[in-house]
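Prediction below, plus the sequence it came from.
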Amino acid sequence: MSQRSGLPFWPRHAFWQGVALTIVAYVLFDWGIPALRFVGIPSAPVPNSVVVEFMFIALIGIFMYVSENEARWAEFKQPIQSALVNRDKKWLRSSLLVVLPLFVGFMTFESTRPRVTADIQPRSIHPAPPTSITFRNKTIQLAGLENPLRKQGNLEDHMKEGRRVYYQNCLPCHGDLLDGKGHFGLGFSPTPLAFDGGNLPLLTESFVFWRVAKGGPGLPKEGTPWNSAMPVWEDFLTEDEIWSVIIFLYDQAGFKPRAWEAEGKEAAHE
Amino acid sequence: MNRATAGRYGGKAAGVIFGAALLLTGFPADRLSAQDVQRGKVVYDKWCMGCHGETGLGDGPAAKFMLPPPRDFTGAKYQIRTTASGELPADADIERVVAEGMPGTAMPEWKSKLSGAEQKDVVAYVKSLSTFFEGAQPPAVVAFGKAPGGGADAIADGGKTFEKLECFKCHGMSGRGNGKSSPTLKDDWDFPIRAANLSQNWNFNGGGAVEDIYRRMRTGLDGTPMPSFSDALDAKVITDEQLWHVAQYVRSLSPEESPPAVREVIRAAPVAQGAALPAGPDDSTWSRAEPSFIPMVGQIIAKPRWFAPSVTGIWVQSMHDGNKLAVRVSWDDGSKSPDPAWDEWMARLVKSVTDADGALTPAQGPDRFWVQFPKRVTDEAERPYFLGGNTRRPVYLWRWASTPDASEEGTGTGLGRFAALSGASEMTHAASFTDGRWHVQFTRALVPADTTASPTFGVGRAIPIAFFAGDGSNGETGARGAVSAWYAIYLDVPTPPTVYVMPLVAVLLTAGLGLVVVWRAQQQNRKS
């Protein structure tokens, strides 16, 4: 026990310091790092194997700290020693001998018991678009492409036409509320895209045109395991119908499409 | 009913003129301020018009792309009310439908999109689309009372009253919506309408709780063939308690867990040592296999699309004995198709659903069911295209049809592109149709004779599986029908003993080590 200051004994006691530091380190790795995103720093949950690795390093440091001199090392060992031999610690000793093996047994069971899971289906949300597509035998350059209907005819008419197209074709999956929860939506996997989230403003209208025209089967290689139920709309809709439903969609969701960068009109998607 | 005809024909003009007059003059109808109506019109035009139409006739562009169709507001007929049959709804009734939506239809809940004020405004506007609310007094709300205690006796009593009131005529003896008159049912606008399938209460338009069911029986569903039973109470044909018991009985026809949870993985349990796989779809052994619910939706991806599927969900069970896999699928269907009784239904259906992707004929086909697997089960993340596969990644299919009762196995390279395997089918099937429910059992060896032509069903791994269902009395032929996404079937292995041995070894080792440490420490302590 520490006689070195007026502080209560345990904050200076090597054993309790070691225990406290171990707990602090674990909390930091397992919860602290993922929580950084709440203060605006990008982060993600730390995989268990990495937590184990970090804890190993932390424990080395902690052991060095509690054994920096003979006195502290003796102080560190003292409570352990006392728990192992002292007559008045018999109850603590016995319960540790029961609880610790049971805990280890439980952890072993958790890691060996069979779990039934379907294979994880990776998905890429915004696959890179091609520079050009063939739409009903006509080549359309996507790079730099603007919605042609925004510069021709009456916007109100396009909107009305787009509403018709949406309600007759897109509604069953993407829903009245644009939330991807139409009355057929939940029958598909992955579930249909919600338009009221943050996706639309990140996309140019030409990107949306490509995704609508070519649907799930037209996804590039990195998007294929996705198994999207999005139909190939060029089989159903004309070019103008697709452009008008895009106008309707942005208006209904209250977003503006992403503009092409002014110079060079290079592909805006990485 | 006069309101229907007036609504459909006269109400159109009247509704528009009245609505316009309201906007122009600010005419203050009871509790209906012009400002509310005007604000409500903005909400309506943005969110409701696509289905319910510009003037509320239920004729928006989406009207023929769903069944049941959107409500015609001009007739002021509302199914879900707390007012007596034939009465106008209370404002709160319409507000509830807007906020909560109508399960089993395309009407979604709006409370997550519209503010409380917007919901009230849009209700004010919807009312202004009908002349029937003009100057009308607020209708009286029915006093419903409280449910008496339930329990097995109450349910049994409810079952008797169910028969006495002849509910089975439309809903069927087992309540699967397959009663004798179900194919003749139409609403007041001559759209075909299904008697509710009472074993799927999550699809009840007005909610699936006992209280909801009781209310529907008291008020009827106006505009539909579902009558009110308040008269039967007044005439003392039945007591109020008996009617509550009917509600409790009806609730008992659906699973406790409603809607049933949808899980990714269907478990195929091994049969007990020495026991045999079920011999057929009605074998009592099936009651021991855990059923998985798989939602089904219209095939609206490839031409011709189908917007009015009859099968909205199936139950799948599976077992294996180490040599063979048996899969039983069960689903509700009003008839064994083709069935001449359903000609009347078909005639109405073809008038109600879009033919945008090709002509609809009233001709009926057989009922069909397909089970789909990847042609080859691999460790790759990429599965075949869920809708019938493609040439690059084909699927392996079990296809069954009801009339004649036959099945085949083969390879699919796209919806409708099917090639039967050569030689005798290794898959066998047996089907049964009982009171509005199909059970079809498919059986095949885990390892096929030719492992390059069809997949091996290995134990201890998740194998992709998908489904297609077609109701021949509902216009579902060819690609028209209901589909599912990919799910997985997992052939359980008996739990290996290591799962229990390893933790035991770990416990003993740790305890032994602990004892040694303690013993050594005490030895040393004694010495010092």
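Perfect, I can see it now.

Near chain A, which residues of the stretch 351-500 of chain B are found?
Counting by Cβ under 8 Å from any Cβ of the partner chain, the residues of the stretch 351-500 of chain B close to chain A are B:354, B:356-357, B:381-383, B:385-387, B:390, B:460, B:462, B:464, B:483-488, B:490, B:492-493, B:495-496, B:498-500. No exception for glycine: its C-beta is placed from N, CA and C like everyone else's.

hmm, try it at 6 Å
Proximity of the stretch 351-500 of chain B to chain A is confined to B:381-382, B:386, B:462, B:485, B:488, B:490, B:499 under the rule Cβ under 6 Å from any Cβ of the partner chain.

Now, those residues that are in helices?
Mapping those onto helices (DSSP state H) picks out B:Val499.

now the residues of the stretch 351-500 of chain B next to chain A as TSV including pLDDT?
Formatted as TSV, these follow (pLDDT from 0 to 100):
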residue	pLDDT
B:Ala381	76
B:Glu382	81
B:Phe386	95
B:Ala462	90
B:Ala485	96
B:Ala488	95
B:Tyr490	94
B:Val499	85
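
Dump the residues of the stretch 351-500 of chain B next to chain A to TSV, plus neighbour count.
Below are these laid out as TSV (neighbours: other Cβ atoms under 10 Å in any protein chain shown):
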residue	neighbour count
B:Ala381	12
B:Glu382	16
B:Phe386	22
B:Ala462	18
B:Ala485	23
B:Ala488	20
B:Tyr490	22
B:Val499	13
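
farthest pair in the residues of the stretch 351-500 of chain B next to chain A?
B:Phe386 and B:Val499 (33.7 Å; Cβ to Cβ).

And for whatever residue of chain A ends up closest to chain B, nearest residue in space, chain neighbours not counted?
In chain A, the residue that lies nearest chain B is A:Gly187 (3.2 Å; Cβ to the nearest Cβ). Excluding the flanking residues, the one nearest A:Gly187 by Cβ to Cβ, 6 or more residues apart in numbering or on different chains is B:Val297, at 3.2 Å.

ok, how many other residues are close to the one you found?
Here the number of neighbours of B:Val297 (other Cβ atoms under 10 Å in any protein chain shown) works out to 25.

Quick check: the closest residue to chain A within chain B vs A:Tyr166, distance?
Nearest to chain A in chain B, going by Cβ to the nearest Cβ, is B:Val297, at a distance of 3.2 Å. As judged by Cβ to Cβ, to the nearest Å, B:Val297 and A:Tyr166 stand 18 Å apart.

Equivalent analysis for B:Ser33, please.
B:Ser33 sits 32 Å away from A:Tyr166, going by Cβ to Cβ.

Looking at those two, which is more packed in?
A:Tyr166 (22 against 15).

So the more buried one sits against A:Ile247, correct?
No: look at A:Tyr166 against A:Ile247 with Cβ atoms under 6 Å: they stay out of range, at 10.3 Å.

And the strands in chain B, which stretches?
In chain B, the segments counted as strands under DSSP state E are B:265-270, B:292-295, B:297-298, B:313-320, B:324-332, B:368-374, B:395-401, B:406-412, B:418-420, B:428-434, B:437-445, B:462-470, B:482-483, B:487-491.

Can you check which of those gets nearest to A:Glu53?
A:Glu53 lies closest to strand B:462-470 among the strands of chain B, at 30.1 Å (Cβ to Cβ).

Neighbouring strands - and their directions - for the closest one?
Next to strand B:462-470 in the sheet, as set by DSSP bridges, lie strand B:368-374 (antiparallel), strand B:482-483 (antiparallel), strand B:487-491 (antiparallel).

Contacts for that strand next, please.
Contacts to strand B:462-470, defined as Cβ atoms under 6 Å, 6 or more residues apart in numbering or on different chains, come from residues A:118, B:296, B:311, B:368-370, B:372-374, B:377, B:383, B:386, B:476, B:481-484, B:486-490.

quick one, domains of chain A?
By the assignment in automatic domain parsing, chain A contains the domains A:10-112, A:132-253.

Which stretch among those domains is buried most, on average?
domain A:132-253 (a mean of 19; mean count of other Cβ atoms under 10 Å in any protein chain shown).

pLDDT (mean, whole number) over that one?
Averaging pLDDT along domain A:132-253 gives 94.

how long is that domain from one end to the other?
For domain A:132-253, the first-to-last residue distance is 27 Å (Cα to Cα, to the nearest Å).

Show me what from chain A comes close to chain B.
A:84-85, A:97, A:101, A:104-105, A:108-109, A:112-113, A:116, A:118, A:122, A:163-164, A:167-168, A:171-172, A:176-177, A:183-184, A:187-189, A:224-225, A:227, A:229, A:231.

middle-most residue in chain B, spatially?
Closest residue to the average C-alpha location of chain B: B:Thr312 at 3.9 Å, with Cα atoms, centre = their mean.

and the closest residue to B:Ser337 other than its chain neighbours, what is it in contact with?
The shortest distance from B:Ser337 to any residue other than its chain neighbours is 3.0 Å, reached at B:Gly472 (Cβ to Cβ, 6+ apart). The neighbourhood of B:Gly472, defined by Cβ under 6 Å, 6+ apart, consists of B:337-338, B:364-367.

okay if I get those residues as TSV plus distance to B:Val210?
Formatted as TSV, these follow (distance: Cβ to Cβ, whole Å):
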residue	distance to B:Val210
B:Ser337	34
B:Pro338	38
B:Gln364	37
B:Gly365	39
B:Pro366	38
B:Asp367	33
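
which among these gets closest to B:Asp450?
Nearest to B:Asp450 out of these is B:Pro366 (Cβ to Cβ; 28.8 Å).

That's all I had, so thanks and see you.
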